[in-house]
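> Got a predicted structure here, sequence first:
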Amino acid sequence: MSSISTVRSCTRCHEAKRKCDRATPSCQLCRRKKLECIYPSRRLSIFVPVQTAHQASSCLPPEFTPLDSEAMSNELVTTGPLPNLAPNTAAPEHAITIDSRGSWFLAPETFTVDHTFMPLPPNFKISDLEDFVRFIENCLATWITTGSNIFIHAHLYEDKFPSCLQIAFATFSAYISRTPATTAMILRTVNDQATALISGLEGGTSCDLVDDLAHMHALLAYQVIGLFNGDIRSRHLAEKRAAHLSKLLDRALEHASLTLNRHVSADDITVSLANPKSPTELLWQSWIMSESLRRTWLIVKGISASYDGLKQGWTPCHGDVMFTACEGFWSANSASFWAKKYADMDMRFVGRFHAEYLFDVAPEGVDEFAKVMLEAIFGRERFVKWVCGLHC
């Protein structure tokens, strides 16, 4: 294989023991201090970068040999000969280089919970909470029929579909098709599987955010059934599980920046050559995981607040996290298409509490998840006026 250079921190960041964003011609720290930014002689690597998703797929060997024939589904650990990648110095039109792996949406501050007080929307009614719960039920039903929804990305579980989520998927599917004769059986399955899942999470989050998200999505499906459609025992058990799900979410959010930046690090790129991915694909995957985590956090906190509000007439404010509000990023079906939008458009990365400016944007330019958040925070009346005012 030909050798290529691997980018390292600039000299000043290295000496100051600061994290360097590796931007060229000057990193952020040197730009801010108006200093000359000097990168050291580049270390040679024996690995060749994979430039595009198309090139990556064309370089895959025809077959991988599973290490364990007893493993289940696409959780199989596979191996095979390393692809013979030819060096290619021409970057594709919309490629994001590995220098962008420290992208701003992976920074620790973007995962911070904002505890700004937010009053109830005008003309708020308890029935609004019921409508929100029904909407989330419909979102989960959409996931069953299409494999994705506004908070579970279509490519999130593309490479790995953890067994805990496979069980939750089948259970929720059975719940949708329940009959009076099968309801008790399904509720028992929900309670047993949720209890087993909680017991297996006593050690906290893992080092794999996809696994953590699978645990969260499985527990969310069980919670929606147990809290709002279960019998007395199911509701009691779901109430006890709520704290575990909340803690799991908060821990994942706390460690997300470190976990995701490690995911797109040079070390991970070399290790993953058995299933090669370009820097653009790795960055896109990291955005998918980070955005899915943020959106799932908001949905779970919203479900918890809705249940408390319906049960006792009031609910504490659980806080807010930021999310991508611009239409087209969530629905992007390839890394190259996402990268083009990333390069050309503002993501409108905003929290619910500060999203009022989105009413100045045409509705077709706002993501569906953001529309749900706007209606929940600012009320249905204002939301409908915004939509109809530009379309009627």
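Arrived safely. Residues are numbered from 1 along each chain as shown.

> Please enumerate the helices of this protein.
Taking DSSP state H to define them, one finds helices in the chain at 11-16, 28-33, 53-58, 126-146, 163-176, 183-199, 209-229, 232-263, 266-271, 279-312, 335-344, 368-378, 380-391.

> Can you convert those into TSV and add a column each for distance to L156, mean pLDDT and mean neighbour count?
The way it works is simple: take the backbone N, C-alpha and C, and place the C-beta from them, glycine included. Below are these laid out as TSV (distance: least, CB to CB, whole Å; pLDDT from 0 to 100; neighbours: other CB atoms under 10 Å):
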stretch	distance to L156	mean pLDDT	mean neighbour count
helix 11-16	33	78	14
helix 28-33	30	80	14
helix 53-58	16	40	14
helix 126-146	11	94	16
helix 163-176	10	96	18
helix 183-199	18	94	17
helix 209-229	7	95	23
helix 232-263	13	87	17
helix 266-271	18	41	14
helix 279-312	5	91	22
helix 335-344	14	89	18
helix 368-378	14	92	21
helix 380-391	28	82	14
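
> Compare those and give me the one nearest A355.
A355 sits nearest to helix 368-378 of all the helices of the chain, at 6.1 Å, using CB to CB.

> quick revisit: and the helices of the chain: which comes nearest E356?
The stretch from those with the least distance to E356 (CB to CB) is helix 368-378; that distance is 6.8 Å.

> and the gap between the residue sitting nearest the centre point of the chain and L253?
With distances taken as CA atoms, centre = their mean, the residue of the chain nearest its centroid is S292 (2.1 Å). Note on S292: its distance to L253, by CB to CB, to the nearest Å, is 12 Å.

> same question, P122
Counting by CB to CB - P122 and L253 are separated by 30 Å.

> returning to what we had before: isn't the residue nearest to the centre of the chain right next to I150, touching?
No: S292 lies out of contact with I150 (CB atoms under 8 Å); the separation is 10.2 Å.

> domain ranges for the protein?
1-48, 107-391 (automatic domain parsing).

> Return the alpha-carbon coordinates of stretch 232-252 using CSV.
Coordinates of each C-alpha in stretch 232-252 appear next as CSV, following Å, rounded to 0.1, in the frame of the first residue of the first chain:
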residue,chain,number,x,y,z
ILE,A,232,-52.3,-1.2,37.5
ARG,A,233,-49.3,-3.5,38.0
SER,A,234,-47.8,-2.5,34.6
ARG,A,235,-48.2,1.2,35.5
HIS,A,236,-46.6,0.6,38.9
LEU,A,237,-43.6,-1.1,37.4
ALA,A,238,-43.2,1.5,34.6
GLU,A,239,-43.1,4.2,37.3
LYS,A,240,-40.3,2.5,39.0
ARG,A,241,-38.4,2.1,35.7
ALA,A,242,-38.7,5.8,34.8
ALA,A,243,-35.8,6.8,37.0
HIS,A,244,-33.5,4.2,35.5
LEU,A,245,-34.3,5.4,31.9
SER,A,246,-33.7,9.0,32.9
LYS,A,247,-30.4,8.2,34.5
LEU,A,248,-29.3,6.2,31.4
LEU,A,249,-30.1,9.1,29.2
ASP,A,250,-28.3,11.7,31.3
ARG,A,251,-25.2,9.5,31.6
ALA,A,252,-25.1,8.9,27.8
